[in-house]
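Participant: What follows is a predicted structure for the sequence shown.
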Amino acid sequence: MPEDFTPRTLNIKNIDMRILEIKEKVPQTTTLPDGSYFGIWGGSVIELDYKGKTYELTTEEGVRGIGYKVVVNIKDGVATFTEIKN
């Protein structure tokens, strides 16, 4: 929450409040093209950026901690990763 956030209790009865926007939020399974990508590994998730989007890759094995630098290699749709010197 922002530092200047002040909790308040709304005492509203039968007042319609306007909704400004409705967005669909749907995480979906996707693929990445063959290639090598730099990512950050923590727990059982590698996070990487590609073409302005952030992707989360779930790993078979987890690690304690966060911030481990890795290279993700994708070839013929099969993804593997290697930890690089941190």
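Facilitator: Looks like it came in fine.
Participant: going forward, measure contacts between C-alpha atoms and count neighbours the same way
Facilitator: Fine.
Participant: Tell me which helix or strand comes right after the helix or strand hosting residue 74.
Facilitator: Using DSSP states H and E, residue 74 sits within strand 53-75. The helix or strand immediately downstream of strand 53-75 is strand 78-83, counting by DSSP H and E.
Participant: Which strands border that following strand, and is each parallel or antiparallel?
Facilitator: strand 53-75 (antiparallel) (DSSP bridges).
Participant: Just the mean pLDDT for the partner strand, thanks.
Facilitator: Computed over strand 53-75, the mean pLDDT rounds to 93.
Participant: And it, what's buried?
Facilitator: Neighbour counts over strand 53-75 (16 or more other Cα atoms under 10 Å) mark 55, 57, 59, 68, 69, 70, 71, 72, 73, 74 as buried.
Participant: nearest spatial neighbour of the second one, skipping sequence neighbours?
Facilitator: In other words, residue 57. residue 46 (5.0 Å; Cα to Cα, 6 or more residues apart in numbering).
Participant: So that neighbour sits against residue 39, correct?
Facilitator: Yes - shown here, residue 46 and residue 39 form a contact pair, counting by Cα atoms under 8 Å, at 6.0 Å.
Participant: pLDDT of the helix or strand harbouring the residue nearest to residue 57, averaged?
Facilitator: According to DSSP H and E, residue 46 maps onto strand 35-50. Across strand 35-50, pLDDT averages out at 94.
Participant: Next, the angle from it to strand 53-75.
Facilitator: 170 degrees (axes from the mean of the first three to the mean of the last three Cα atoms, to 10 degrees).
Participant: I'd like to know which elements strand 35-50 is packed against.
Facilitator: strand 53-75 (3 or more Cα pairs under 8 Å, 6 or more residues apart in numbering; DSSP states H and E).
Participant: Show me what the strand it packs on is in contact with.
Facilitator: 32-49, 79-86 (Cα atoms under 8 Å, 6 or more residues apart in numbering).
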